[in-house]
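Participant: Here you go, sequence then predicted model.
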There are 6 protein chains.
Amino acid sequence: MHLIRLTQLTQLTHRAGLAGLAQALAPRTAASAHCDLPCGVYDPAQARIEAESVKAIQEKYQANDDPVFRARALLIKEQRAELVKHHLWVLWTDYFKPPHFEAHPQLHQLFNEATKLAGAAGAKASTDPHVGQELLNKIEEISLIFWETKKG
Amino acid sequence: MHLIRLTQLTQLTHRAGLAGLAQALAPRTAASAHCDLPCGVYDPAQARIEAESVKAIQEKYQANDDPVFRARALLIKEQRAELVKHHLWVLWTDYFKPPHFEAHPQLHQLFNEATKLAGAAGAKASTDPHVGQELLNKIEEISLIFWETKKG
Amino acid sequence: MHLIRLTQLTQLTHRAGLAGLAQALAPRTAASAHCDLPCGVYDPAQARIEAESVKAIQEKYQANDDPVFRARALLIKEQRAELVKHHLWVLWTDYFKPPHFEAHPQLHQLFNEATKLAGAAGAKASTDPHVGQELLNKIEEISLIFWETKKG
Amino acid sequence: MHLIRLTQLTQLTHRAGLAGLAQALAPRTAASAHCDLPCGVYDPAQARIEAESVKAIQEKYQANDDPVFRARALLIKEQRAELVKHHLWVLWTDYFKPPHFEAHPQLHQLFNEATKLAGAAGAKASTDPHVGQELLNKIEEISLIFWETKKG
Amino acid sequence: MHLIRLTQLTQLTHRAGLAGLAQALAPRTAASAHCDLPCGVYDPAQARIEAESVKAIQEKYQANDDPVFRARALLIKEQRAELVKHHLWVLWTDYFKPPHFEAHPQLHQLFNEATKLAGAAGAKASTDPHVGQELLNKIEEISLIFWETKKG
Amino acid sequence: MHLIRLTQLTQLTHRAGLAGLAQALAPRTAASAHCDLPCGVYDPAQARIEAESVKAIQEKYQANDDPVFRARALLIKEQRAELVKHHLWVLWTDYFKPPHFEAHPQLHQLFNEATKLAGAAGAKASTDPHVGQELLNKIEEISLIFWETKKG
């Protein structure tokens, strides 16, 4: 079920890969050149995988009351959640351009809520896996818009 | 001139420091509790200082055509610009809350433009110090809103 | 009150220490016990996405002879290639277990070649996108084995 | 074409290598040449802001005995304290020059005490906000000397 | 006793340093050139020193049941253990070449076990210093092979 | 007051050099606990190994005028030089205590010169391996003092 979705995503990505290559060969202004250089390749899967890790750690935290295990779980969850934020920030700043924000006016708030939720996921409230699932849902919303803009 | 502005900012910060302490002692919801923990103290000066570094490097790049010096300048500018983005992203996600975005509807776009500009500042176009100055101006706009919300 | 609770947990831990060691010497459970916490979620897509970025940067390097653009391309490619190595190393150490290496004797060499190639991809030879493609092919080989072990 | 240009620059560099060394031995220019590039812009505010964060976390630690909150507080305080040390080390090594140390013989010890205190601030004793305040006081001492050298 | 071993290691390293220099001046293929650049100098001491730190923290964890001390010990041990893994991964990928793996067929498994053990050292089981010692023993095995290849 | 306590635990630490294990098992004050935890194990070899890498890269830079090779050499040298600074800063702040500085009054300046030289090693002047050798000599001076304090 999950594997199927991943495979589909992979196929999308492969197609996107070619699109990216086409883009790379297209003449571009200095502005897009310097913007595209660090980020010719984007994939919301990077944020999603880290967020899945956050949720998995929350489930293990609930299932194991060993204090050392829990101390490590909080530490590692903090790191994973920070990576979720970073990958989302990069998408928001480096991939999405003004036309995308005009076409999807909710994007700014969606990213702000998702990154806030990642912060929440790294924190007290988030030893509850439902918070991790909420984060995954936000990332899925962003992901759908992302792939739509790639198709566009 | 510059020193005067910095001193004033410092005084503002010191006052804000107390405000922050007051906040810290105030009862808070779980939501604000977990959000505030990593970020009880915010200051746009962190982004501004790194952006000043970006601009200073651009000026030195223009003034020195030694290839090794320029290679290092590009590398270090990249790092500084990345720090500018990080400090701005943290402010946007961790400090500013929904009421701020309602009171200042331009905030989302302002942060998106500033972080895009920081990306630009780390790139080809940005060996021109005017791009660094543009970045500093955006950060100043954000800073004014930030201190207004602190006073509020 | 809080300290007392923690101290008690601590005593539990002390006892758990030895139990944990015993576990560590046991073939399967301990290995997954200490390994699963940081890495309950794995996905070769993390390495693949960074490798696609490496190859995309190589394409752009070939398509743009501006020296500043190329200097930044080399820098960013280095960073992406380092991330490819890191994601592959984590898979090799944290996900794959002795039974996997018995079932797939080529895995050690495959990971060693892929990470060496990522190093190559970050270097001189690799301004040729064919090297980036070679890296992607190795990651695909690893990915196929990974998903096979997941199904297993 | 591009390679030729780079090779020529490279030959220049080769020659510049010795010239650079000569410069390095000269009292002021070379020192600023190699030192100023990464750090044309310095501001003790960077250390102060992180230290304010350390103290604010200490206040919150004292005000909240939730074990998860406290575990995160210790983790984040450790990170902030490390940043305090880093910003102070950079000032001590990259900004301050021999003439400053002659004019302010206490500077070495002041920086050593402040960074030791930042280490303390990251540790057990430092769940007491007074330790955070001590750290802020040391940074203020450094800051006063810093701005005096800037005026000079 | 330990100091004596360190001094000897240092002498070995110094000799290796010259060998490394000789290597650096020898003509090399593009392949080895780009591989050697980041890693002209290798020393298993880097992994060993971090592993000694892991074991020392384990000793102190056992000797101190203060909850804040233990929370910090777990955090710092995690960081040290991560560095052990990193230094070992770099040796495995960047220093050792196919002829080494043919001459020492156990090398792949040895590195995989050592890095898994470093993960263990960063985890629950590892609050027992015997796990840290096990890690040090694996690193010693790798170190002996490393210096043998350097002599070769 | 706090400093006095620090000095006392410093003496403990000094003696603890070799008897670190004994000390680790002995009951300790909070003050010594927080100081010893991150830094039970020190070795100037960490700085020396990175500095050898800096010098080796300088040799290779001089021996290879390929522009891509040289661009990568400058980047990697910058990273290695930064690590040299970090390892030296940690020794200066976390290992050396007031009695050491009284016994070796030149230590502060020695560390300041070594870290400045590491900065130089990461910069223009440093494409000359003699600068890397100068850095290694400073680290050797520090190393001799370090091992003397360990014996003491």
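Facilitator: On my side now, so go ahead. Residues are numbered from 1 along each chain as shown, chains lettered A, B, ... in the order given.
Participant: Chain C versus A:Lys60, what's the distance?
Facilitator: Counting by CB to the nearest CB, to the nearest Å, the separation of A:Lys60 from chain C is 6 Å. (C-beta placed from N, C-alpha, C; glycine too.)
Participant: thinking that residue is in contact with C:Gly40, fair?
Facilitator: Yes - contact criterion CB atoms under 8 Å: A:Lys60 and C:Gly40 qualify, at 6.4 Å.
Participant: Where does the prediction get shaky in chain A?
Facilitator: A:1-39, A:121-125, A:152 (pLDDT under 70).
Participant: Let me see the ranges of the strands in it.
Facilitator: For chain A, strands defined by DSSP state E do not occur.
Participant: so how far is stretch A:77-89 from its chain's centroid?
Facilitator: In terms of CA atoms, centre = their mean, to the nearest Å, the centre of stretch A:77-89 is set 9 Å apart from its chain centre.
Participant: and that stretch, anywhere near chain E?
Facilitator: No - using CB under 8 Å from any CB of the partner chain, stretch A:77-89 never reaches chain E; the gap is at least 9.3 Å.
Participant: for that stretch, which positions count as buried?
Facilitator: By 16 or more other CB atoms under 10 Å in any protein chain shown, the buried positions in stretch A:77-89 come out as A:Lys77, A:Glu78, A:Gln79, A:Arg80, A:Ala81, A:Leu83, A:Val84, A:Lys85, A:His86, A:His87, A:Leu88, A:Trp89.
Participant: Which ones, among the residues you listed, also lie beside chain C?
Facilitator: Among the buried residues of stretch A:77-89, none lies close to chain C by the criterion of CB under 8 Å from any CB.
Participant: In TSV: those residues, plus distance to chain B.
Facilitator: Output for these, formatted as TSV (distance: CB to the nearest CB, whole Å):
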residue	distance to chain B
A:Lys77	12
A:Glu78	9
A:Gln79	13
A:Arg80	15
A:Ala81	10
A:Leu83	13
A:Val84	11
A:Lys85	7
A:His86	8
A:His87	11
A:Leu88	9
A:Trp89	4
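Participant: from memory A:Leu83 sits against A:Glu50, does it?
Facilitator: Yes - counting by CB under 8 Å, A:Leu83 does reach A:Glu50; the two are 4.4 Å apart.
Participant: Could you pull up the residues touching the residue nearest in space to the middle of chain A?
Facilitator: Taking CA atoms, centre = their mean, the centroid of chain A lies closest to A:Ala47, which sits 2.6 Å from it. Applying CB atoms under 8 Å, 6 or more residues apart in numbering or on different chains to A:Ala47 gives the contacts A:Leu83, A:Val84, A:His87, A:Leu88, A:Leu91, A:Ala114, A:Ile139, A:Ile142.
Participant: Try it again at 10 Å.
Facilitator: With contact set as CB atoms under 10 Å, 6 or more residues apart in numbering or on different chains, A:Ala47 has these partners: A:83-91, A:114-115, A:118, A:135-136, A:138-139, A:142-143.
Participant: got it, and A:Pro98?
Facilitator: B:Gln109, B:Asn112, B:Glu113, B:Lys116.
Participant: Keep these, but drop any that are not near chain A.
Facilitator: Restricting the contacts of A:Pro98 to those within reach of chain A (CB under 10 Å from any CB of the partner chain) leaves B:Gln109, B:Asn112, B:Glu113, B:Lys116.
Participant: Name the nearest residue to the residue nearest to the centre of chain A, sequence neighbours excluded.
Facilitator: A:His87 (3.9 Å; CB to CB, 6 or more residues apart in numbering or on different chains).
Participant: Chain D versus the one you found, what's the distance?
Facilitator: 20 Å.
Participant: what separates that residue from A:Tyr95, distance-wise?
Facilitator: To A:Tyr95, A:His87 is 11 Å away according to CB to CB, to the nearest Å.
Participant: Mind listing the shared neighbours of those two?
Facilitator: A:Tyr42, A:Asp43, A:Pro44.
Participant: Make a markdown table out of those and add neighbour count and distance to F:Arg70.
Facilitator: Listed next are those as a markdown table, based on neighbours: other CB atoms under 10 Å in any protein chain shown; distance: CB to CB, whole Å:
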| residue | neighbour count | distance to F:Arg70 |
| --- | --- | --- |
| A:Tyr42 | 21 | 31 |
| A:Asp43 | 28 | 33 |
| A:Pro44 | 22 | 37 |
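Participant: Which one of those is nearest to B:Ala73?
Facilitator: A:Tyr42 (27.7 Å; CB to CB).
Participant: you'd agree that closest one is up against A:Phe146?
Facilitator: Yes - the criterion here is CB atoms under 10 Å, and A:Tyr42 meets it with A:Phe146 at 7.3 Å.
Participant: Next, show the common contact partners of A:Lys60 and C:Gly40.
Facilitator: When CB under 10 Å, 6+ apart defines a contact, the residues bordering A:Lys60 and C:Gly40 alike are A:Ile76.
Participant: which parts of chain A sit against chain E?
Facilitator: In this structure, chain A approaches chain E at residues A:64, A:66-72, A:74-76, A:78-79, judged by CB under 10 Å from any CB.
Participant: if you set the cut-off to 6 Å instead, what comes out?
Facilitator: A:Val68, A:Phe69, A:Ala71, A:Leu75 (CB under 6 Å from any CB of the partner chain).
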